[in-house]
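# show me how the following folds:
(one chain, ligands or ions: 1)
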Amino acid sequence: MIKTNMSRRSALKLGGAAIAIATVGGFYASSTASYAGPPNAPRPLQIPPLDTGKMQGNVRVFDMQVQAGKTEFFEGVKTDTLGINGSYLGPTLRMKTGDTVRMNVANGLSETTTLHWHGFNLPARADGGPHQEIAPGAVWSPEFEVRDKAATMWYHSHQLHKTADQVWAGMAGLVVIDDDESGALDLPDTYGVDDIPVVLQDRSFRRNGQMPYSSSMHSRMMGMTGDIPMVNGTVAPYFEVTTSLIRLRLLNGANASIYVLGFADGRTFSQISSDGGLLAAPAQMQSLRLAPGERADIVVDMSDGGVATLRSAATGGGGGGMGGMMGAAGQPFDFLELRPAASLTTSPALPDRLADLPVVSDSGVTKTRGFELQMSGMGPFAKFLINSKSMAMDRIDEVVEKGVTEIWEVSNFSPMAHPFHVHNTQFRILDRNGATPNAGERGLKDTILVNPQERVRILVRFEHYTDPERPYMYHCHILEHEDAGMMGQFTVV
Ligand SMILES: [Cu+2]
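Residues are numbered from 1 along each chain as shown. As a prediction, the model looks like this:
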């Protein structure tokens, strides 16, 4: 538990290395020149404010002001950004299963937007997808019951054709759901102390310090990526750890980059949750692939007193083909340095069992639907399709019966990997090309990466709400692909 002088020296050394990597840039041919100002000194990780709402009767109410602002990613340089109740990103909303919540989302922008509650099981009218537009100056106040289990969810813009642009500028934030099952476990859960939000993104900056969204043909095809990694909007962040175990709530909040996460020293860590809740048991690993939209809580053991640098590896697992992969030019991408304090409070050991999850089985399932993710053409003629169709607001693609379990077969014969996200459900993975998914993917999921030449079968069920008029979305979570049409609509009846 006691950090030695030796580890303090190596901490300093690693700190320098992290900064060098974080500011060199050029991992991926980018259409914009990198910010060329002075490199940042390491900065303390910004922790988004925790917002538990305010109770009005039995309703937990959150006030969220979408606004334009200026953010200092680099010392003395003000970058134009978007945020919620702040200049970049938004507060972490904390709520409990069974709560009724009301979100008062005020649009302070000069353009239309939406705010989607990613991962939630909720009525279509409250989903915050492309049909729930908020005009400039308007307030949208959906109310719904929190039906999901303890999980790390998130919210982000879902404005048709503008999602990539608005999320790039900062319109996203985390949601933490607690429940009795998770509360009864001895897991690190003190926000900002041993339970840390980690919103992973990459951005590219112009020489003047701005990070305008580029709708170049390159970014439209591959998705928009950057050469500057950031966590919670902090470039070159460090966090001082005071406990022997620390929980990181990882969100891949990038537009397009797939991260293959691990630690610079190769240390093992425990994944305890997937998108929609706790795994049945902690899964030990040294490497975790996270595609845009996916979340995972991990627990890192810091008791050796050494610095742990969270990084995305140089090459990804199974992305294949072109684009979207951080470090394609062979450089790892350092996100966050965890620096242990001189003495650490001993955390309770991780439980062996975490959650009761139903057995995954396709026996008795009679309904199967196929979804093929497609790219066709190049350059200005490129099309992004699902089942040969481009997203249309006035066309319902699928009608699904409430409470019926179905198999959705998601296949990809395109040259890029695509993360497939389904609204209003937490599903389970049956298999990937016939093989059982790895331990970290055996829990509740709402987004899955489908590699080229892969067919992923998922077990899907919509439990609670019907609405024959208002659709939910399924789509690729590379935001440029979504905006370009790789999205479809379904209703639950
Ligand atoms: Cu895609």
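# quickly note the distance from I272 to I47.
20 Å (C-beta to C-beta, to the nearest Å). (Each C-beta comes from the backbone N, C-alpha and C, glycine too.)
# more neighbours: the two, which one.
Shown here are I272 and I47; by other C-beta atoms under 10 Å, I272 has more neighbours (26 against 16).
# phi first, then psi, for the more buried one.
I272 adopts backbone torsions of phi -110, psi -20, taken as degrees, to the nearest 10.
# same thing with the one 3 residues further on?
Dihedral angles of D275 (phi, psi; degrees, to the nearest 10) stand at phi -40, psi -50.
# give the contact list for it.
D275 sits next to 119, 151, 294-296, 426, 443-447 when contact means C-beta atoms under 8 Å, 6 or more residues apart in numbering.
# again, but for D180
Taking C-beta under 8 Å, 6+ apart, we find D180 in contact with T97.
# and it, what's its pLDDT?
Model confidence at D180, given as pLDDT, is 96.
# give me the distance between it and the ion.
Note on D180: its distance to the ion, by C-beta to the ion, to the nearest Å, is 38 Å.
# let me know the secondary structure of A164.
What DSSP: H, G, I helix; E, B strand; the rest coil gives for A164 is helix.
# for the nearest residue to it once chain neighbours are set aside, what are phi and psi?
Excluding its sequence neighbours, the residue lying closest to A164 (C-beta to C-beta, 6 or more residues apart in numbering) is L479, at 3.6 Å. Phi and psi for L479, reported as degrees, to the nearest 10, are phi -60, psi -30.
# which two among the contacts of D275 are spaced furthest apart?
Across those, the longest distance by C-beta to C-beta is 14.0 Å; it joins A296 and Q426.
# between the two, which one's more packed in?
A296 (26 against 23).
# surely that one meets L288?
Yes: in this structure, A296 is within contact of L288 by C-beta atoms under 8 Å, at 6.0 Å.
# overlap of the contact sets of those two?
By C-beta under 8 Å, 6+ apart, A296 and L288 have these common neighbours: 250, 271, 440.
# now intersect these with the helices, please.
In helices, judged by DSSP state H, none of the shared contacts of A296 and L288 are found.
# count the residues that sit near the closest residue to the ion within the stretch 101-250 of the chain.
The stretch 101-250 of the chain approaches the ion most closely through G223 (7.2 Å), counting by C-beta to the ion. When counting by other C-beta under 10 Å, one arrives at 27 neighbours for G223.
# residue contacts, it?
164, 255-257, 292, 323-324, 478-481.
# for it, what are phi and psi?
phi 90, psi 150.
# ok, V167 next?
The phi/psi pair for V167 (degrees, to the nearest 10) is phi -70, psi -40.
# OK, contacts around it?
Applying C-beta under 8 Å, 6+ apart, we find V167 in contact with 156-157, 253, 255, 479.
# which members of those are positioned in helices?
Counting by DSSP H, the contacts of V167 contribute L479 to helices.
# the contacts of V167 into a markdown table, with extra columns for pLDDT?
A markdown table is the format used below for these (pLDDT from 0 to 100):
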| residue | pLDDT |
| --- | --- |
| H156 | 98 |
| S157 | 98 |
| G253 | 98 |
| N255 | 97 |
| L479 | 97 |
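# which member of the contacts of V167 is positioned nearest A135?
Relative to A135, the closest of the contacts of V167 is S157; by C-beta to C-beta it sits at 14.1 Å.
# and that closest one, what does it touch?
Shown in contact with S157 (C-beta under 8 Å, 6+ apart): 113-116, 163, 166-167, 171-172.
# got the residues you listed as TSV, with pLDDT and distance to T100 columns?
As requested, the contacts of S157 are exported to TSV (pLDDT from 0 to 100; distance: C-beta to C-beta, whole Å):
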residue	pLDDT	distance to T100
T113	98	24
T114	98	21
L115	98	18
H116	98	19
T163	98	28
Q166	98	28
V167	98	27
M171	98	25
A172	98	24
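# burial count for S274?
Neighbourhood size, S274 [other C-beta under 10 Å]: 29.
# for it, which residues make a bridge with it?
Note on S274: beta-bridge partners by DSSP bridges are G277.
# my read is that it contacts A439, right?
No: at 9.8 Å, S274 does not count as touching A439 under the criterion of C-beta under 8 Å.
# the residue nearest to S347 when sequence neighbours are not counted bridge partners, please.
The shortest distance from S347 to any non-neighbouring residue, by C-beta to C-beta, 6+ apart, is to L245 (3.7 Å). Bridge pairing for L245 (DSSP bridges) gives the partners D301.
# this protein: helices as residue ranges?
Assignment of helices within the chain using DSSP H yields the ranges 5-24, 163-169, 180-183, 217-222, 479-483.
# count residues in the vicinity of the residue in the stretch 301-450 of the chain positioned nearest to the ion, would you?
When scored by C-beta to the ion, the stretch 301-450 of the chain has H418 as its residue closest to the ion, at 3.4 Å. Neighbour count for H418, taken as other C-beta under 10 Å: 30.
# that one touches C476, doesn't it?
Yes: counting by C-beta under 8 Å, H418 touches C476, with 4.4 Å between them.
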